[in-house]
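1. Generate a structure from the sequence data that follows.
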Amino acid sequence: MIAHGTSFYAFGGQDDDNNKLNDVWCYNGSAWDCIKFEEGDLCPVARSGHTAVVNGNKMYIFGGMVELTKELNDLAIFDLDTKKFVQADPCPFGEEVVAQ
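-> Numbers count the residues shown, from 1 in each chain. Coordinates of the predicted model:
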């Protein structure tokens with residue numbers, strides 16, 4: 001969950017049956033609203049256990065788990081102004097960055 005302006009945003013997680021989710025919710029001080037996406041919109045894979053931070057007008061979502069033995073190593077970016085996911089720019093260091 002992140003805070004942006006006077007709102008809070010939450011992405012994904014899991015339900016009571018351990019099904020992973022990829023929905024985005026916004027709390028504006030009085031109610032939670034689910035942000036709806038249209039068919040064809042960019043949307044990351046459902047996950048739980050991820051990390052989210054805000055920088056400027058974007059929420060950056062990193063990693064998480066699809067299932068107990070399947071961890072993710074990806075980055076999703078949600079534009080808080082347009083309420084849409086946007087494509088991340090390619091890493092300037094190549095496909096993988098490996099610590100030496």
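2. who are the neighbours in contact with the residue positioned nearest the centre of the chain?
-> Residue closest to the mean C-alpha point of the chain, counted by Cα atoms, centre = their mean, is Ile61 at 4.1 Å. In this structure, Ile61 makes contact with 11-12, 44, 50-52, 75-78, judged by Cβ atoms under 8 Å, 6 or more residues apart in numbering. Quick note: C-beta positions are derived from backbone N, CA and C, even for glycine.
3. how does it look with 6 Å?
-> When contacts are counted by Cβ atoms under 6 Å, 6 or more residues apart in numbering, Ile61 touches 11, 50, 52, 76.
4. Next: Tyr60.
-> Counting by Cβ under 6 Å, 6+ apart, the residues that Tyr60 touches are 53, 77.
5. so it bridges to which residues?
-> For Tyr60, the beta-bridge partners are Val53, Ile77 (DSSP bridges).
6. do Ala10 as well
-> Trp25.
7. quick revisit: may I see the PyMOL selection of the buried members of the contacts of Ile61?
-> In PyMOL, this line selects whichever of the contacts of Ile61 come out buried by 16 or more other Cβ atoms under 10 Å:
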select buried, resi 11+50+52+76
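8. TSV please, covering the contacts of Ile61 and showing distance to Ala3.
-> Compiled in TSV, the contacts of Ile61 are given as follows (distance: Cβ to Cβ, whole Å):
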residue	distance to Ala3
Phe11	13
His50	17
Ala52	11
Ala76	18
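9. circling back to that earlier point, where does the residue nearest to the centre of the chain land on pLDDT?
-> The predicted structure scores Ile61 at 95 on the pLDDT scale.
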